[in-house]
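Asker: Quick one, fold the following:
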Amino acid sequence: MISQFELIGDNKVGVLPKQVDQLAMCREIALQKDTIENDSSFMLVDLDKIIQRYNLWKRELPMIEPFYAVKCNTDLVLIRILASLGCGFDCASREEIDIVMETGVAADRIIYANPCKTRSFIAHAMECDVRKMTFDNAEELIKIAKLHPNAEMILRIAVSDSTATCPLNLKFGADPVLHAPHLLKIAYEEGVKVVGISFHVGSGCNDASAYRTALQHAKNLCEIGEGLGFNMDIIDMGGGFPGADHHNNPFEKIAETIRDALDEFFPETEKRLIAEPGRFFAAGPFSLVANIIHATEVPASKITKNPNDSADHGYMYYINDGVYGSFNCILFDHAHPVGSPLFDVDRNEKFISTIWGPTCDSLDLVEDKKLMVKMNVGEWLYYPDMGAYTLAAATTFNGFSKPVPMYVMSEEMWESIKDSCHI
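Answerer: You can find the predicted model right below:
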């Protein structure tokens, strides 16, 4: 049970006497909502888990400063806690820079990590004294030379894990052999200051060896830049770090590969090592609970598309969140959320089922051909690890509201951050 309420910014946080149990807490909230016939979906945010993820990062990669990728989830409580822990921030737009700086974060803790920036956004970054920026093309250098003479540019190279959930090298990054050395020469000729190399192996990395390859290219390019007179002080390892404990390429394995590669290519380095984790921090703390607003029995063949299943029973369920809301991660992040009944049920037989979102669009499909026990209208489904690329892109299409976040943390964790959380 919640023992007290505190404020982080303008947001109320429930403080518990012991460590948060996300499933148990979601059940408690759902029961309270049932008593007042409130069936709106909600997002439980376990703030303890943010701190635990930060501690894991510092244990496995203590030499690398995390700069949280704001695009992943712009929740202000998440940002304030990460700021209080000492994180920097990876921003990709004027709005993201403003979101972070309005929480009290200084400009030197921000990297404007978008290689193709709007001119007015560059001018805004100069006004805010945000200097660290990425580039991967000559045209960007020309813009920077005119609009932000104080900029400290970081050359982004294209090194990608082709098996990543979201490969990024098709849109961003200069070829590290064919094009990157030439860009360093152009920067020198234009009088633009280059301070390092960055890369992003792809969001949701599956092949840790991509980091080693990228660091090898970074070493070679640092030597070329230093030969031109640049102080190549920063290596930015981008993102790609998993946000869920059950990921098929554990964070600890990726961290081990990075440590080994740093020992090989940058032994005893004095360079500043940074990275841009997003889902690593954002995914796990957020659990979504949605209500079944409608249920209907159909022939199983309607779901399986197999006429031989026409004699079997299937069910279609409609919940009050979908791909235009929190489940936009299905479309934009190639995610495959898996839900389960929030409460234990005394029904054992499972049926082929489909979970639909609430809108009138047939694209609004959350889970298909799912084996699940029969559920009833008014019952709840629980979806863990729903903080990455979910709320950040959620809409109110068709008039359906976004789930309300509810924040909880333990007394122990509250005591550890309360004096530094800009309350």
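
Asker: wait, Ala107 sits on Lys132?
Answerer: No: the pair Ala107 and Lys132 does not pass the contact test of C-beta atoms under 8 Å, sitting 9.0 Å apart. C-beta: built from backbone N, CA, C; applies to glycine.

Asker: higher neighbour count, the two?
Answerer: For Ala107 versus Lys132, the count of surrounding residues by other C-beta atoms under 10 Å is larger for Lys132: 25 against 15.

Asker: Enumerate every residue touching the more buried one.
Answerer: Contact analysis of Lys132 by C-beta atoms under 8 Å, 6 or more residues apart in numbering lists Asp108, Ile110, Ile111, Tyr112, Glu152, Ile154, Val195, Ile234.

Asker: Mind giving me the PyMOL command for buried ones among the residues you listed?
Answerer: The PyMOL command for the buried members of the contacts of Lys132 (criterion: 16 or more other C-beta atoms under 10 Å) is given here:
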select buried, resi 110+111+112+152+154+195+234
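
Asker: Just the ones in strands from the contacts of Lys132, please.
Answerer: Among these, DSSP state E puts Ile110, Ile111, Tyr112, Glu152, Ile154, Val195, Ile234 in strands.

Asker: Can you show me the helices along the stretch 301-423 of the chain?
Answerer: Counting by DSSP state H, counting those that start in this stretch, the stretch 301-423 of the chain has helices at residues 329-332, 411-417.

Asker: Quick one: residues in contact with the longest one.
Answerer: Okay, so that is helix 411-417. Identification of contacts with helix 411-417 by C-beta under 8 Å, 6+ apart yields 3, 6, 13, 15-19, 47-48, 51, 81, 84-85.

Asker: is it fair to say Val45 lies in a helix?
Answerer: No: using DSSP: H, G, I helix; E, B strand; the rest coil, the assignment for Val45 is strand, not a helix.

Asker: thought it was touching Leu78?
Answerer: Yes: under the criterion of C-beta under 8 Å, Val45 makes contact with Leu78 at 7.5 Å.

Asker: Touching both of those two, which residues are there?
Answerer: Taking C-beta under 8 Å, 6+ apart as the contact rule, Val45 and Leu78 both touch Pro285, Gly387.

Asker: Need the phi and psi values for the residue nearest the centre of the chain.
Answerer: Against the mean C-alpha coordinate of the chain, by C-alpha atoms, centre = their mean, the closest residue is Arg279 at 2.9 Å. When read as degrees, to the nearest 10, the backbone of Arg279 gives phi -60, psi -20.

Asker: from what I can see it touches Pro242, true?
Answerer: Yes: Arg279 is in contact with Pro242 according to C-beta under 8 Å; the separation is 7.0 Å.
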